[in-house]
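>>> Dropping the sequence and predicted coords here.
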Amino acid sequence: MVHAAPGPFVPGPADDLTIRTLPVFFGALELLLNAGVTTVAEAAFQDKVWRPRLTPLLSLARVRIVHCVVAPDLAFERILRRRARNSARLAHAEPVPEDAAGWFRRHHEFDRVALDVPSIEVDTTSGYRPALDRIVAFTNDS
């Protein structure tokens with residue numbers, strides 16, 4: 001959808017691309033779950049986006065939440081590096097170096113998904129803590 005967006009595109013909260021992407025993302029997720037496909041849905045959505053759209057799907061799947069965390073300064077550095085390497089990242093309203101203070105504030109205000117399902121926190125500072133085999137075991141627990 002990023003590559004098909006008409007230009008010039010300016011990302012921001014509730015921009016046209018985001019508004020069109022959410023129903024596609026969750027519609028594809030519902031389609032896969034209804035077909036019995038084991039699915040990993042990855043996105044940095046906040047609770048206000050995840051919860052109302054995942055709640056109707058809880059009867060279709062054993063939902064597990066893997067919440068990745070990293071120090072704000074490292075997250076900021078990674079975002080800047082990814083944006084420089086991948087033009088598709090321009091679809092995200094990501095910070096530029098001059099926006100560090102505002103970005104750090106938003107990072108601390110992030111409202112992670114809050115569903116009454118099993119969840120695990122994974123530190124991605126250097127690899128994965130807990131280790132990937134433990135994360136996989138968590139997702140496979142009944």
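Right, received. Where do you want to start? These figures come from a predicted structure and were not determined experimentally.

>>> what ranges do the strands span in this protein?
65-69, 119-123 (DSSP state E).

>>> Would you mind measuring from residue 34 to residue 100?
43 Å (Cβ to Cβ, to the nearest Å). Yep, even glycine has a C-beta here, placed from its N, CA and C like the rest.

>>> Check residue 42 too.
Taking Cβ to Cβ, one finds residue 42 at 25 Å from residue 100.

>>> the more surrounded of these two?
residue 100 (14 against 7; other Cβ atoms under 10 Å).

>>> how about residue 125, what does it touch?
70, 71, 74 (Cβ atoms under 8 Å, 6 or more residues apart in numbering).

>>> let's see 6 Å
residue 70 (Cβ atoms under 6 Å, 6 or more residues apart in numbering).

>>> Could you point out which residue ranges in the protein have low pLDDT?
5-9, 87-92, 94, 142 (pLDDT under 70).

>>> Helices along that one, start to end?
Using DSSP state H, the helices assigned to the chain run over residues 16-34, 47-54, 72-85, 100-109, 132-140.

>>> Any idea which of those gets closest to residue 119?
Of all these, it is helix 132-140 that lies closest to residue 119, at 8.9 Å by Cβ to Cβ.

>>> neighbouring contacts of that closest one?
64, 120.

>>> sorry, back to before: let me have the helices of the chain in JSON lines, adding distance to residue 121 as columns.
Shown next, in JSON lines, are those (distance: least, Cβ to Cβ, whole Å):
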{"stretch": "helix 16-34", "distance to residue 121": "22"}
{"stretch": "helix 47-54", "distance to residue 121": "15"}
{"stretch": "helix 72-85", "distance to residue 121": "14"}
{"stretch": "helix 100-109", "distance to residue 121": "15"}
{"stretch": "helix 132-140", "distance to residue 121": "10"}
